[in-house]
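Asks: Quick one, structure for this:
(one chain, ligands or ions: 1)
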Amino acid sequence: MIEARGLTKRYGARTAVDDATFTIRPGAVTGFLGPNGAGKSTTMRMIVGLDRPTSGTVTVHGHRYADAAAPLSELGALLDAKGVHPGRSARSHLRALAATHGIPDRRVDEVLERTGLAGVARRRVGGFSLGMGQRLGIAAALLGDPEVLILDEPVNGLDPDGVLWVRQLLRHLAAEGRTVLLSSHLMSEMSLTADHVIVLGRGRVIADAPIAELVRGEPRVVVASPDAARLAALLMAEGVDGRSLEAVDEERFVVHGSSAAQIGRAAAGAGIELHELAPIASSLEDAYLALTRDAVEYVDPAPAADAAPAAERIPA
Ligand SMILES: Nc1ncnc2c1ncn2[C@@H]1O[C@H](COP(=O)(O)OP(=O)(O)OP(=O)(O)O)[C@@H](O)[C@H]1O
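Replies: Just a heads-up that it's a prediction; the model follows:
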């Protein structure tokens with residue numbers, strides 16, 4: 001369990017993390033999302049004691065992580081996969097880490113095996129690919145068999161097999177009752193891996209909810225009819241706001257906020273022929289983009305002309 005209360009970090013005039021309060025529970029994978037500069041890495045660094053909060057607190061198992069008696073068995077972290085001496089082999093790097101924490105050598109071989117690095121354990125880390133470096137970082141995080149795992153962009157640089165491997169590993173660790181926190185910019189991967197997400201925007205917590213709840217959103221339905229204008233007028237006569245009808249082409253439009261059943265019933269009642277009546281499934285990406293619209297720090301000031309909205313509202 002990780003608990004943050006009023007967690008705040010200022011760097012001079014810049015507030016990187018702003019009064020963040022959240023609880024990250026065991027037995028689940030919690031995703032940490034947010035635009036660049038939202039404060040994810042700073043929050044993770046404060047959890048593991050690499051940065052001190054300006055105010056507020058963050059605890060792991062009820063105490064500050066810096067006060068942990070057996071730090072590596074309480075918490076394992078992958079924050080910067082590059083922080084390894086390039087001349088060392090993967091095994092000697094992990095052995096050195098194990099020795100300073102009283103962890104037996106056989107555990108080193110276990111984590112090398114578990115992370116798929118057993119075959120390259122004697123190779124110099126300096127020659128490792130980005131993906132192998134990520135695996136080594138994950139191996140180091142697992143070394144103490146920790147109850148809490150914190151991984152900043154763990155799939156960065158991994159090939160599709162590696163991405164799948166990380167997903168299965170994290171799901172497995174959560175199923176064992178551990179607390180798993182991960183950040184990633186890959187929204188589809190996050191939706192497959194995490195149970196719950198916390199979204200930061202400009203240092204503030206702007207959402208803290210199960211993924212299923214976030215993606216539920218408002219219903220959207222694509223409707224196509226040779227009589228689209230009459231159907232649109234009918235829906236508006238039945239109380240649908242004209243602003244929630246979005247034209248796609250002459251026959252087709254999207255209805256926001258009504259179900260397929262409501263639209264189908266109205267069309268059938270008026271004898272309007274339908275060629276399509278398809279609910280649109282919301283994705284985590286849709287929900288995320290809607291949530292963070294106002295919290296993006298770096299916005300392209302001149303979006304390309306072809307980035308203009310493809311559809312216009314149907315005139316009332
Ligand atoms: N050591 C530092 N000194 C000054 N400002 C910092 C420092 N570390 C982070 N910041 C600033 O704090 C804010 C939050 O940064 P942070 O790296 O935590 O964001 P992030 O959500 O992890 O971003 P990204 O997705 O780009 O990794 C940013 O505006 C960043 O420029």
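Asks: Wasn't Glu273 part of a helix?
Replies: No. Membership of Glu273 in a helix is not supported by DSSP: H, G, I helix; E, B strand; the rest coil, which gives coil.
Asks: thought it was touching Val223?
Replies: No. Using CB atoms under 8 Å, Glu273 is not in contact with Val223, being 11.3 Å away. All C-beta spots, glycine's among them, are computed from the backbone N, C-alpha and C.
Asks: Common neighbours of these two, please.
Replies: Ala267 (CB atoms under 8 Å, 6 or more residues apart in numbering).
Asks: neighbour count winner among these two?
Replies: Neighbours were counted for Glu273 and for Val223 using other CB atoms under 10 Å; Val223 has more, 26 against 11.
Asks: does that one have beta-bridge partners, and which?
Replies: Phe253, Leu277 (DSSP bridges).
Asks: excluding its backbone neighbours, what's nearest Gly126?
Replies: Among residues not flanking Gly126 along the chain, Pro86 sits closest, at 3.0 Å (CB to CB, 6 or more residues apart in numbering).
Asks: tell me which element that neighbour is part of?
Replies: Following DSSP states H and E, one finds Pro86 outside all helices and strands.
Asks: what's the answer for Ile198, then?
Replies: Assigned by DSSP H and E, Ile198 belongs to strand 196-201.
Asks: For that strand, C-alpha coordinates in PDB please.
Replies: This file holds the C-alpha atoms of strand 196-201, laid out as PDB (Å, rounded to 0.1, in the frame of the first residue of the first chain):
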ATOM      1  CA  HIS A 196      -7.000   1.200 -11.900                       C
ATOM      2  CA  VAL A 197      -5.500   4.500 -13.000                       C
ATOM      3  CA  ILE A 198      -4.500   7.700 -11.400                       C
ATOM      4  CA  VAL A 199      -4.200  10.600 -13.900                       C
ATOM      5  CA  LEU A 200      -2.100  13.600 -13.100                       C
ATOM      6  CA  GLY A 201      -2.400  16.900 -14.900                       C
END
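Asks: For the helix or strand that it is followed by, list every residue counted as buried.
Replies: Towards the C-terminus, the helix or strand next in line after strand 196-201, according to DSSP H and E, is strand 204-210. Neighbour counts using 16 or more other CB atoms under 10 Å place Arg204, Val205, Ile206, Ala207, Asp208 of strand 204-210 among the buried residues.
Asks: before we move on, what about stretch 18-37?
Replies: Buried, per 16+ other CB under 10 Å, within stretch 18-37: 18, 20, 22, 24, 28-35, 37.
Asks: for the stretch 201-316 of the chain, what are the low-confidence residue spans?
Replies: Regions of the stretch 201-316 of the chain meeting the criterion pLDDT under 70 cover residues 295-316.
Asks: Please state the offset of stretch 7-14 from the chain centre?
Replies: How far stretch 7-14 lies from its chain's middle: 23 Å, per CA atoms, centre = their mean, to the nearest Å.
Asks: since we're on the residue nearest to Gly126, how many residues are nearby?
Replies: Pro86: 11 neighbours (other CB under 10 Å).
Asks: Convert the one helix or strand Ala261 maps to to PDB, retaining C-alpha atoms only.
Replies: Ala261 belongs to helix 260-269 when assigned by DSSP H and E. Extracted C-alpha coordinates of helix 260-269, given in PDB (Å, rounded to 0.1, in the frame of the first residue of the first chain):
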ATOM      1  CA  ALA A 260     -28.600   2.500 -29.800                       C
ATOM      2  CA  ALA A 261     -31.900   1.200 -28.400                       C
ATOM      3  CA  GLN A 262     -33.300   4.700 -28.000                       C
ATOM      4  CA  ILE A 263     -32.300   5.700 -31.500                       C
ATOM      5  CA  GLY A 264     -33.500   2.400 -33.100                       C
ATOM      6  CA  ARG A 265     -36.900   2.700 -31.400                       C
ATOM      7  CA  ALA A 266     -37.400   6.300 -32.600                       C
ATOM      8  CA  ALA A 267     -36.400   5.300 -36.200                       C
ATOM      9  CA  ALA A 268     -38.700   2.200 -36.200                       C
ATOM     10  CA  GLY A 269     -41.600   4.300 -34.800                       C
END
